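Q: show me how the following folds:
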Amino acid sequence: MNDRVVVVGAGVIGLTTAVQLAEAGHRVDVVAAEAPEATTSAVAGALWGPWLVEPRGRVLAWAAYGLKVLDALAGDPSSGVRVVSGIEVSRRGYGPPDWADLLADRRPCTPHELPTGYSHGSRYSAPLVDMPVHLSYLMVRLRAAGGTLTIRRLASLGQAVVEPRTVIVNCSGIGARQLVPDADLFPIRGYHVLASNPGLTEFLEADTEHPTDLLAIYPHRDHVILGGTAEPEVWSREPDHAIAAAIVDRCAALEPRLANATIIEHRIGLRPTRPTVRVEAERSPTGNLVIHNYGHGGAGVSLAWGCAREVASLLSP
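A: Next up is the predicted model:
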C-alpha cells in the first residue's frame with residue numbers, strides 16, 4: 001500500500017472514504033475546494049434513509065452497511081450520531097419504502113400518534129447525525145490515521161496528481177459537474193433552518209404533496225433543524241428570509257412549540273444529484289487510477305460508509 005491516494009472533496013462522502021482508506025493503511029491526502037464545515041454535508045438534515053437514489057440494488061446494500069456503522073457510532077458521543085425515534089406521516093396512503101425492512105422497529109402509526117389531518121404514517125428509530133460534529137469527528141480519525149487535508153480548488157482531477165502513481169478518489173459532490181466533467185450531475189438545493197429546541201426529542205417528517213416544499217423536524221440536544229426545500233437546478237446558497245419563514249410556518253403548524261423558537265442560522269446546500277450514484281473505477285489519460293464516488297443526492301450520510309467500503313475494494317481488489 002505505497003501508492004499515494006488523493007481524495008478530492010471534504011464532505012461526508014470524501015471524509016468517510018478517506019478515513020476508510022487511511023485506517024486500512026493507505027497514504028491519504030484530502031484536497032477540497034471548501035473546508036468540511038462549508039460543504040453541503042455540514043448543512044444536511046442527516047436522518048438515515050436512502051430516499052430517491054438509484055440504482056436500488058446497490059443503494060440498499062450501501063445503506064444497510066451504513067446503518068450498521070452509524071448504529072455502532074451512536075455509542076460514541078463524540079461522533080455526533082444518535083439513534084432517535086420519530087414518525088413520517090402523510091394525508092394519503094403509501095407503501096413502505098424498499099429499505100423499511102432494514103429497520104427492526106418500523107411499524108404503522110396508531111391513530112393517536114398521527115397529527116391532525118394526517119391519516120397514514122410509520123414510526124421507527126434511525127440514526128440522526130449532527131453533521132458539523134460528525135465532520136469534525138471524521139477529521140480527528142483521518143488525522144489519527146496519518147491523513148491530511150488541504151484546501152485548494154482544482155480546475156481538473158488531473159491537478160490532484162502529486163506523484164506518478166497517485167490514485168485519485170473523486171468525492172467532489174456537485175463539483176464533479178466541472179471536474180469530471182459530468183453533465184448528468186445537477187444540484188437540488190436544500191434549505192434548512194436551525195432553531196432553538198423547545199424540548200423536542202422525536203423527529204417528524206411529513207408529506208407536503210409538493211415536490212419542492214418539504215416538512216421535517218430533526219431534534220438535537222440544544223437545537224432543532226427544520227426543513228426544508230428540494231429545488232432542482234437552483235445554485236444559490238444565499239439566505240432567503242421568505243423561504244425560511246415558510247419552513248418555520250410549515251413546521252410550527254404540526255409542532256406549535258416551534259412557533260416561538262429562536263432562529264439561529266440558515267443552512268443551505270446543493271445536493272449532488274444524477275440518475276444513478278457513480279461508484280466506479282477508470283483510468284485517466286495519464287494512466288492514473290481514478291475512482292469516482294459522487295452523485296448521492298440527499299442520501300450521502302446514509303450511503304457514505306457503504307460506498308467507502310466499495311471504494312476500498314476497488315483500490316485493493
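
Q: next one: A61 from R189, what distance?
A: From A61 across to R189, the span is 29 Å (CB to CB, to the nearest Å). Quick note: C-beta positions are derived from backbone N, CA and C, even for glycine.

Q: looking at the two, which one has more neighbours?
A: R189 (21 against 15; other CB atoms under 10 Å).

Q: quick check: pLDDT value at the more buried one.
A: Predicted confidence (pLDDT) for R189: 98.

Q: next, the buried residues of the strand or helix carrying it.
A: Using DSSP states H and E, R189 falls within strand 186-196. By 16 or more other CB atoms under 10 Å, the buried positions in strand 186-196 come out as F186, P187, I188, R189, G190, Y191, H192, V193, L194, A195.

Q: hang on, R141 in a strand?
A: No. Counting by DSSP: H, G, I helix; E, B strand; the rest coil, R141 is not found in a strand; it is helix.

Q: what's near enough to touch it?
A: Applying CB atoms under 8 Å, 6 or more residues apart in numbering to R141 gives the contacts V19, A22, E23.

Q: how about the last one: what's its closest non-neighbour residue?
A: Read that as E23. Nearest residue to E23 in three dimensions, chain neighbours excluded: A145, at 4.8 Å (CB to CB, 6 or more residues apart in numbering).

Q: pretty sure that neighbour sits against V28.
A: Yes. If you go by CB atoms under 8 Å, A145 and V28 touch, sitting 7.5 Å apart.

Q: ranges for the helices of the stretch 1-150 of the chain?
A: For the stretch 1-150 of the chain, the helices defined by DSSP state H, counting those that start in this stretch occupy 12-23, 56-73, 131-144.

Q: what residue of the protein is the furthest out?
A: Residue farthest from the centre of the chain, counting by CA atoms, centre = their mean, is P164 at 32.6 Å.

Q: can you tell me the element it falls in?
A: Short version, using DSSP H and E: P164 is in no helix or strand.

Q: now the one 5 residues further on
A: Assigned by DSSP H and E, V169 belongs to strand 167-170.

Q: residues contacting that strand, please?
A: 3-9, 14, 17-18, 21, 157, 160-161, 176, 179-180, 284, 288-294, 311, 315.

Q: what pairs with the longest strand belonging to the chain, parallel or antiparallel?
A: Assignment by DSSP state E gives strand 263-283 as the longest strand of the chain. Here strand 263-283 has these sheet partners by DSSP bridges: strand 186-196 (antiparallel), strand 289-296 (antiparallel).
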